[in-house]
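> any chance you can model this:
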Amino acid sequence: MAAAPAAAAVWADVLWCLGLGCLLGAGRDILGLVLGNGPVRCFCWDLLAFAAAAVLVCGFSAGVSASGLARWYMAAALLAGALAWGVALAPGLHRAVAVLAGLLLYPLRALHRRLCLPLRRRIAATAARKRQKNRKKLKKAEKNGKKQLQKPSKVLYN
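Numbers count the residues shown, from 1 in each chain. Alright, predicted model coming up:
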C-alpha cells in the first residue's frame with residue numbers, strides 16, 4: 001500500500017483535476033454544439049467523455065501527481081469539474097454567445113426585413129392575383145353548358 005501524500009499535494013492534485021474536468025466538460029459541450037445532440041449522439045459523446053476522463057485521470061496521476069497513483073479524489077475532482085462546467089459555466093457562456101451572435105447578425109436581419117420580406121410579399125400577391133384570374137376563367141368555363149370536345153378527325157389513337 002502506498003503512503004498517503006501530504007495535504008498540500010492532495011489539494012494541488014484536486015485543483016488540477018478540477019481544471020481538467022472543466023476542460024473535459026467544455027470538450028463534451030463543444031462536441032454537442034458542433035455535431036449535434038440527438039439521443040444516440042448524446043450517448044456516444046457521453047461514452048467518449050467517460051473514456052477521456054479515464055485517460056485523463058490515469059495520465060495525470062502518472063505524469064503530474066505527487067503520489068504517482070490514481071486516487072479516488074482525482075476522479076471525484078474530475079467529475080466535479082465537469083459538473084461545474086455543465087451547471088455553472090456553460091449556461092452563462094451560451095447566453096453570452098447568443099447575445100453576441102444576435103448583435104453580429106442584426107445588420108443581416110435588418111437587411112432581410114427591408115429587402116427580402118417586401119419582395120416576398122409582392123411575389124405572393126402576384127401569385128394570388130394570378131390564381132384569382134385562373135378561378136374566374138374556370139368559373140366561366142363551368143357556366144358555359146356546352147362541352148368542348150375535340151373534333152373526331154383530330155383524335156389520335158395509339
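> so which residue is dead centre in the chain?
Leu33 (4.2 Å; CA atoms, centre = their mean).
> okay, and that residue sits in which element?
helix 7-35 (DSSP states H and E).
> wait, Cys17 touches Trp72, no?
No - applying CB atoms under 8 Å, one finds Cys17 not in contact with Trp72, separated by 11.0 Å. Every C-beta, even on glycine, is put in place using the N, C-alpha and C of the backbone.
> got the contact list for the nearest residue in space to Cys42 that is not next to it in sequence?
Taking CB to CB, 6 or more residues apart in numbering, and ignoring the residues beside it in sequence, Cys42 has Gly32 as its nearest neighbour in space, at 7.1 Å. Contacts for Gly32 (CB atoms under 8 Å, 6 or more residues apart in numbering) come out as 41-42, 45.
> ok, and the most crowded of those residues?
Neighbours here are counted as other CB atoms under 10 Å. On that basis the top member of the contacts of Gly32 is Trp45, with 19 neighbours.
> ok, the residue nearest to Cys42 to Asn134 distance?
Gly32 is 50 Å from Asn134, where distance means CB to CB, to the nearest Å.
> about what we covered before: what's the mean pLDDT across the helix holding Leu33?
Averaged across helix 7-35, pLDDT comes to 90.
> that helix: what's the following helix or strand?
Going down the chain from helix 7-35, the next helix or strand is helix 39-63, by DSSP H and E.
> buried residues, that following helix. List them.
Buried residues in helix 39-63, defined by neighbour count with 16 or more other CB atoms under 10 Å: 45, 49, 52-53, 56-57, 60-61.
> so which bits of stretch 14-23 are buried?
For stretch 14-23, using 16+ other CB under 10 Å, the buried residues are 14, 16-18, 20-23.
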